[in-house]
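[1] Quick one, what's the 3D model for this:
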Amino acid sequence: QVQLVESGGGLVQPGGSLRLSCSASGTIFSIYAMGWYRQAPGKQRELVATIPSGGNTNYADSVKGRFTISRDNAKNTVHLQMNNLKPEDTAVYSCNADLRMFIGTMRRTYWGQGTQVTVSS
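    Numbering: from 1, shown residues only. The predicted model follows:
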């Protein structure tokens, strides 16, 4: 089994910062891409940022220049540093990981349970 657990959400004032973390644990042979998505009330889930095992990161236009995604491959962890937060960033943030549990098995995407980020004065 594989588990992804997020941490770091909370309430922050506009202009503030938060750092989200997501750790993958369990039977993992290799992790390929990792990413962060968010879903605001009444809206569809949207991509925030992704980071492959090697190569360029990808960001939604709405967060470029404010958010930074990074990963620690040794710890199977992905982070999202969020600066200059805006009320429209309020959402449940979830991480995912595209991984293979055993050599030779199919790749599959796993999701965390999500963490609430609220930006409000």
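
[2] Identify the bridge partners of the most centrally placed residue in the chain.
    Centroid check for the chain by C-alpha atoms, centre = their mean gives W36 as the closest residue, at 2.6 Å. Beta-bridge pairing for W36 (DSSP bridges): A49, C95.

[3] OK, contacts around it?
    For W36, the contacting residues are 20, 22, 48-50, 69, 78, 80, 93-95, by C-beta atoms under 8 Å, 6 or more residues apart in numbering. All C-beta atoms are positioned from the backbone trio N, CA, C, and that covers glycine.

[4] these two touch, right, R66 and N83?
    Yes. Here R66 reaches N83: they are 5.3 Å apart, a contact under C-beta atoms under 8 Å.

[5] Name the nearest of the contacts of W36 relative to Q3.
    The shortest approach to Q3 among the contacts of W36 belongs to C22, at 10.4 Å (C-beta to C-beta).

[6] List the buried residues of the helix or strand harbouring the closest one.
    The secondary structure element spanning C22 is strand 18-26 (assigned by DSSP states H and E). Residues 18, 20-24 are the ones in strand 18-26 that count as buried (16 or more other C-beta atoms under 10 Å).

[7] ok, back up a step: buried subset of the contacts of W36 as a PyMOL selection?
    Listed next is the PyMOL selection for buried residues among these, using 16+ other C-beta under 10 Å:
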select buried, resi 20+22+48+49+50+69+78+80+93+94+95
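
[8] okay if I get the contacts of W36 as TSV plus distance to G9 and pLDDT?
    Output for these, formatted as TSV (distance: C-beta to C-beta, whole Å; pLDDT from 0 to 100):
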residue	distance to G9	pLDDT
L20	6	98
C22	11	98
V48	13	98
A49	16	98
T50	19	98
I69	16	97
V78	14	97
L80	10	98
Y93	6	98
S94	10	98
C95	11	98
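
[9] Make CSV out of the contacts of W36 and add distance to W111.
    Written out in CSV, the entries for the contacts of W36 read as follows (distance: C-beta to C-beta, whole Å):
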residue, distance to W111
L20, 14
C22, 10
V48, 14
A49, 15
T50, 14
I69, 16
V78, 12
L80, 15
Y93, 11
S94, 6
C95, 7
